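**Student:** predicted model, plus sequence, below.
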Amino acid sequence: MSDAVESILYEHPLSEQVRTYLRLEQLFAIQLHLREQESTICHVGALRNLWEILDSLDRGDIKGELIKELEAQKLHFEQLEESPYIDALKLKRFLDQLNQLLDWLSRYRGKFGTTLRSDRFIDMLKNRIRMPGGTCSFDLPELHLFLNQSPQYRQNCLKEWFSHLDGLAQCIKILLRLFRENGEFESVVSKQGVYQSSLSNRSNPQLLRVMLPSDSSYFPEISGSKHYFSIRFIEKAESELKPVAEDFEFELAIC
């Protein structure tokens with residue numbers, strides 16, 4: 001069940017910060033895929049996705065939260081420098097990477113995406129690109145001109161625009177990796193399709209991860225906070241959804 005090829009992984013955040021990080025991670029992955037394609041359809045999708053990223057970054061103090069979390073991680077790993085069980089070279093490289101990201105964050109002026117929002121072309125797309133069918137040539141003739149440039153030109157523009165967020169993408173990638181590595185999967189039993197547990201004995205949990213076989217006909221509905229969580233499994237039977245009513249094992253990691 002631990003083989004990713006044979007499994008479906010579900011993740012659930014235990015804080016608003018991690019919820020934002022997971023959403024941005026997904027949006028960044030979509031952006032990186034779409035911008036490498038050559039079709040105009042994919043590049044329209046990349047521009048829509050870019051505005052989804054900008055909208056996500058417009059909520060809360062993501063920059064301050066990242067600095068606080070990365071500094072906490074840096075302090076934790078600095079305390080491991082004297083341990084004889086740690087690869088000193090790998091640890092130094094990782095701490096150097098954390099320092100570079102913290103330096104990038106400290107030098108970043110204003111909110112993330114401010115430069116992109118002030119770009120005339122990107123700003124021009126803001127309202128129309130969100131409308132159903134709003135990217136027609138009669139709605140956005142300048143976009144139509146852009147889409148009729150060579151694929152390489154369009155790819156280079158998309159890479160340049162997204163480069164303003166490369167440091168942010170690296171910060172989120174590292175933090176989510178650290179959170180995920182902080183919890184190991186173990187087999188637990190769902191009683192009649194429900195699993196509940198307290199998190200009071202856990203130190204600052206960030207993320208729940210549920211692993212199910214890829215051929216399962218059910219999926220988890222997860223609710224929780226840093227103190228308690230509940231998982232209810234729902235089965236898809238033909239065109240209907242119904243609660244699972246039997247006991248079964250599944251893989252759970254609390255990170």
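**Tutor:** Looks like it came in fine.

**Student:** any idea how many residues pack against G133?
**Tutor:** 7 (other Cβ atoms under 10 Å). Bear in mind the C-beta positions are built from the backbone N, C-alpha and C, glycine included.

**Student:** then the one 4 residues further on?
**Tutor:** A count of neighbours around S137, defined by other Cβ under 10 Å, yields 12.

**Student:** give me the nearest residue to it, chain neighbours excluded.
**Tutor:** Of all residues not flanking S137 in the chain, H144 sits nearest, at 3.9 Å (Cβ to Cβ, 6 or more residues apart in numbering).

**Student:** what is the mean pLDDT for stretch 177-186?
**Tutor:** Stretch 177-186 shows a mean pLDDT of 95.

**Student:** ends of that stretch, how far apart?
**Tutor:** 19 Å (Cα to Cα, to the nearest Å).

**Student:** go on, stretch 191-207?
**Tutor:** 22 Å.

**Student:** can you list the weak-confidence ranges in this structure?
**Tutor:** 1-5 (pLDDT under 70).

**Student:** hang on, isn't the residue nearest to S137 packed against L125?
**Tutor:** No: look at H144 against L125 with Cβ atoms under 8 Å: they stay out of range, at 11.9 Å.

**Student:** who has more neighbours out of the two?
**Tutor:** A direct count of neighbours by other Cβ under 10 Å for H144 and L125 places L125 higher, at 21 against 14.

**Student:** quick one: that one and L140 touch, right?
**Tutor:** Yes: contact criterion Cβ under 8 Å: L125 and L140 qualify, at 6.9 Å.

**Student:** pretty sure F146 sits in a helix.
**Tutor:** Yes: under DSSP: H, G, I helix; E, B strand; the rest coil, F146 falls within a helix.

**Student:** does it really touch F121, like I thought?
**Tutor:** Yes: assessed by Cβ under 8 Å, F146 is found in contact with F121 at 7.5 Å.
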